[in-house]
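In: what follows is a protein structure lacking sequence information:
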């Protein structure tokens, strides 16, 4: 369209305008639409987007209650017994499963639950279910700590004030008497539930792994169920037949990429590695080095380095690294022959309880070979419930009678089980060899035997000096049993073969890092005393590397004293050159080594501590820290006893005062232990 001219009255001339009336009109309409869109439609869209991203907050870090909560599952499946477990190695979970199965023999219906996957505040609703009962199988980990899967439950118990009036419960704790905080979690849960108003229906059970955990559990269990019958007015049904939890499905025509081959959780995770790496997603680490540390004798100690380049894996000196081992292929083949099983058959074991959160006992589908190699512990002595269940498959009446007898809770049965299974170190392969008429189906055995667990090693390096690798120090476990069989440690015998450029050109190991509280003081000037015989030296190698790095940075070092012990100077003085170099360069201010078998009278680290009692006391009075790593059964208690004597003799304290002195050190993090039984 032609523009309409505008008359400039001042100039008295006619010029072509820049904008016409129609242009201005259209511009105004466009501007109005833009304003409307920005303030109204845009806001609406923004609101819609916010609504899509909004989440319902949950309290205390626990899972939120929902239609899938454990109370709802119990109601919909008509169950009245729930068994919670806090488990680090699988034993507490196994006991929970056995108690859940037991319930059926008393006219009750049980289910097991992982507290990490539950909203534990829902416990208050348990009273809505008739004849309801909560059982807790709680293991203690480390220095009186909860297991990883029970941490949130523990925090909730500590912080919560929820009243559990009317809730009936019982607790069985799993611990080890060689540790100072024996069964701390079991004791705490039992006491705390009562404080919150719950009703204990049977006394706390305490299992001791240093003695006979199985016997402790069976003894408690045999008294527990009669108490349940009395509480709820029920009776045993008399049905002692084996109760199957999983049904067998033979899987056919499944492509290999859809079949598990050893992955911990995610199918194909070993082929497509994705961080972050953790217990359910371990990193398949290349082995950079695997060398022998012993220079003589008939024992072997390995120094192994795992490559973590480009993985985002972070660790600190004092942390642990978990290794997922694989069973000996020869032992797996032998088991397959004893069971008359085709180990390459692809199977899936499916939970018969559709409401159960655990659909399979291990990753399925997989072959029997994969199950017996990666997922099932075939080397540990089987527990009594396994023996009882496989007795059903004995063709010889004598074998059946024998298995029933040694799996019974009678004094004679317990004694025979201890001798024939525990002392003779019979695993499932040895049992089937010695009782040839017993032929359990392979799928039932897969259900009965416990899961193969990761093995944890103290990391023997510092990220300050080795940021792209993790080192471990491991003694090969190998011995002859009373029956003449050779017993090999699952993990160490497997790791022994992981040699770069050896039988496997590029060997790999599934690993992940587990954080620890075993840490050096923040200030490098704080004096430290490290006591670690044998492979107890492992974390201290990392600590010493930390001090070396600090020294290289020009920082002032406090006294750094190491007490190390081994059998013979010329055989198993591991890392000798490193340690003596650290001593010569001033990183180690003192190095004391005890060789227990190089002289007629055995000499141990605690003897060296006595010899250095004045120096030891001086370090303690300067605010020094003590670290102990190694054997929990003998060494650690002996060391603490010696330190207590030093405090009495050099510090002029009474025995009671010396005990209080050590407790104060522990509470302030100045006395730390990383021990094992």
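Out: Everything's here; your move. Source: prediction; values computed, not measured.

In: alpha carbons only for contacts and neighbour counts from here, please
Out: Will do.

In: got any ranges where this protein has weak pLDDT?
Out: Across the chain, residues meeting the criterion (pLDDT under 70) sit at 1-68, 240-241, 502-504.

In: give me that answer again for 50
Out: Across the chain, the ranges flagged by pLDDT under 50 are 1-19, 22-25, 29, 35-67.

In: remind me, longest helix of the chain?
Out: Residue-count comparison of every helix in the chain, with assignments taken from DSSP state H, identifies helix 213-232 as the longest.

In: quick check: buried residues in that one?
Out: 213-221, 224-225, 228 (16 or more other C-alpha atoms under 10 Å).

In: try stretch 91-104
Out: Of the residues in stretch 91-104, those with enough neighbours to count as buried (16+ other C-alpha under 10 Å) are 91-104.

In: again with stretch 299-319
Out: Of the residues in stretch 299-319, those with enough neighbours to count as buried (16+ other C-alpha under 10 Å) are 300-308, 313, 315-319.

In: now stretch 125-137
Out: Taking 16+ other C-alpha under 10 Å as the basis for neighbour counts, the residues of stretch 125-137 that come out buried are 126-127, 131-137.

In: ok, now which ones touch residue 627?
Out: Under the criterion of C-alpha atoms under 8 Å, 6 or more residues apart in numbering, the neighbours of residue 627 are 528-531, 670-674.

In: kindly reformat these as a markdown table containing distance to residue 110, neighbour count and secondary structure.
Out: Conversion of these to a markdown table gives the following (distance: C-alpha to C-alpha, whole Å; neighbours: other C-alpha atoms under 10 Å; DSSP: H, G, I helix; E, B strand; the rest coil):
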| residue | distance to residue 110 | neighbour count | secondary structure |
| --- | --- | --- | --- |
| 528 | 51 | 26 | strand |
| 529 | 51 | 21 | strand |
| 530 | 48 | 23 | strand |
| 531 | 47 | 26 | strand |
| 670 | 45 | 20 | coil |
| 671 | 43 | 20 | strand |
| 672 | 41 | 21 | strand |
| 673 | 39 | 19 | strand |
| 674 | 37 | 22 | strand |
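
In: nearest to residue 269, of the residues you listed?
Out: Of all the contacts of residue 627, residue 674 has the smallest distance to residue 269: 31.7 Å, by C-alpha to C-alpha.

In: okay, and the beta partners of the closest one?
Out: Beta-bridge partners of residue 674, counted by DSSP bridges, are residue 629.

In: ok, now which ones touch it?
Out: Residue 674 sits next to 142, 518, 627-630 when contact means C-alpha under 8 Å, 6+ apart.

In: from those residues, which two are the most distant?
Out: Taking C-alpha to C-alpha as the measure, those span a maximum distance of 14.5 Å, between 142 and 627.

In: where do the helices of the stretch 551-677 of the chain begin and end?
Out: Taking DSSP state H, counting those that start in this stretch as the criterion, the stretch 551-677 of the chain carries its helices at 569-572, 576-584, 605-611, 613-621, 635-651, 655-667.

In: residue 329: which of these is closest?
Out: Short answer: helix 569-572, nearest of the helices of the stretch 551-677 of the chain by C-alpha to C-alpha, at 30.1 Å.

In: so which bits of the closest one are buried?
Out: Of the residues in helix 569-572, those with enough neighbours to count as buried (16+ other C-alpha under 10 Å) are 569, 571-572.

In: before we move on, what about stretch 196-214?
Out: 196, 198-202, 204-209, 213-214.

In: before we move on, the earlier item: how about the contacts of residue 627 in TSV, adding distance to residue 238?
Out: As requested, the contacts of residue 627 are exported to TSV (distance: C-alpha to C-alpha, whole Å):
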residue	distance to residue 238
528	62
529	60
530	58
531	56
670	56
671	53
672	51
673	49
674	47
